[in-house]
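>>> can't give you the sequence, but here's the structure:
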């Protein structure tokens, strides 16, 4: 008979997925502290430039490794604990204990490492190995287009859940109210019908249209803008917008925006946007200023929503046909077993 007091902690699907945790350029010579799915992480680079993500806790006495430093030690770069100076090599093993110079730490003396990689200008982390198929890092298709200039905006810290942020990103009906004079107007708030369908990793919404006084940082006139939305992972999405050519002063203008969310806690997130634009003339600061304006209009409304966690029971909030993208998003989160940031 088995132990009646034993139990198995349910695996969180989110822990098996890749999540953005920092801009790649922000992880350089010093360790960087970050939080993901309620856990503290430390990010750092070894001598080859490879990025590592470990639990931000020294296995000796529990000090935060992110308070330490990266040093050039024997055999390559190492992460040094701030408390007793224990040094850990890139694989996570402790290789030096200053208090005992002749001591050779056993293989079990090591930091807890997680999978980490770089893609789309971001550092991505996966906390647990998947049980079956390897989940892909969410794809931003515009990343591979050399004809588009890439500009990063953020980070923005927001006191709400990651799913609330994704749903806001998919929502056009708020343009005329939250972004009046910028992305919409109250008298032009009608949302025409659009198409939405599930995809292997999320959803695709096409034929979305909105009238906008200023659709982009380089808009010169109001325009009807066509949007395509794609949810590429539970907390990651992409939009592509095509404004009328005359409104931006550039034939063939294209712009895609990736939304990258790090779900730090159930009700606290860090957000980045990565722009891919065919405008190579405008300075990056003006693009960032435009995005700051738009997102900081969203932020207080997002933080006011209750509950902060997204309800997956469709009876918990009211819905219309204008909300069908977010309704499908909620159904898919539920079907995939997502539990972080939802209720």
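Looks like it arrived, so ask away. These numbers were taken from a predicted model, which means no experiment stands behind them.

>>> rest of the way, CA atoms for contacts and neighbours
OK.

>>> May I have the residues that are in contact with the nearest residue to residue 310 once chain neighbours are set aside?
Among residues not flanking residue 310 along the chain, residue 342 sits closest, at 4.5 Å (CA to CA, 6 or more residues apart in numbering). Residues counted as contacts of residue 342 (CA atoms under 8 Å, 6 or more residues apart in numbering) are 161, 163, 266, 309-312.

>>> how near is residue 342 to residue 309?
Using CA to CA, to the nearest Å, residue 342 is found at 5 Å from residue 309.

>>> one step back: for the contacts of residue 342, work out which two are farthest apart.
266 and 312 (14.3 Å; CA to CA).

>>> Make a PyMOL selection of the buried ones in the contacts of residue 342.
PyMOL command restricting those to the buried ones, with burial defined by 16 or more other CA atoms under 10 Å:
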select buried, resi 161+163+266+309+310+311+312
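
>>> thought residue 13 was touching residue 335?
No - in this structure, residue 13 is not within contact of residue 335 by CA atoms under 8 Å, at 11.4 Å.

>>> Counting neighbours around each, name which of these two comes out higher.
residue 13 (15 against 10; other CA atoms under 10 Å).

>>> Against residue 119, how distant is the more buried one?
Counting by CA to CA, the gap from residue 13 to residue 119 is 21 Å.

>>> do the same with residue 65
25 Å.

>>> same check, this time on residue 304
33 Å.

>>> More neighbours: those two, which one.
residue 119 (15 against 11).

>>> what's near enough to touch residue 72?
47, 78.

>>> Can you tell me the SS state at it?
strand (DSSP: H, G, I helix; E, B strand; the rest coil).

>>> looking at the sheet around it, what are its partners?
Note on residue 72: beta-bridge partners residue 77, judged by DSSP bridges.

>>> so what pLDDT did it get?
pLDDT recorded at residue 72 is 91.

>>> roughly how far apart are it and residue 263?
Residue 72 is 33 Å from residue 263, by CA to CA.

>>> for residue 212, same thing?
Distance from residue 212 to residue 263, by CA to CA: 30 Å.

>>> same question, residue 162
In terms of CA to CA, residue 162 sits 6 Å off from residue 263.

>>> Which one of these two is surrounded by more residues?
The neighbour comparison of residue 162 against residue 263 (other CA under 10 Å) goes to residue 162, with 30 against 27.

>>> Isn't that one up against residue 259?
No - counting by CA under 8 Å, residue 259 is not a contact partner of residue 162; they are 10.7 Å apart.

>>> before we move on, which element is residue 291 in?
helix 284-304 (DSSP states H and E).

>>> What residues sit buried inside that helix?
284, 287-288, 290-292, 294-295, 298-299, 302-303.

>>> what does stretch 328-343 give?
328-330, 332-334, 338-342.

>>> Can you say which two of those are spatially most distant?
Comparing all pairs in the buried residues of stretch 328-343 by CA to CA, the longest separation belongs to 328 and 340, at 17.6 Å.

>>> how about residue 180, what does it touch?
By CA under 8 Å, 6+ apart, the neighbours of residue 180 are residue 186.

>>> Mind pulling the model confidence for it?
Looking at residue 180, the pLDDT reads 94.

>>> For residue 42, see how far away it is.
40 Å.

>>> Kindly reformat the contacts of residue 342 as CSV containing pLDDT and distance to residue 274.
CSV is the format used below for these (pLDDT from 0 to 100; distance: CA to CA, whole Å):
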residue, pLDDT, distance to residue 274
161, 98, 20
163, 98, 18
266, 98, 23
309, 98, 25
310, 98, 24
311, 98, 28
312, 97, 28
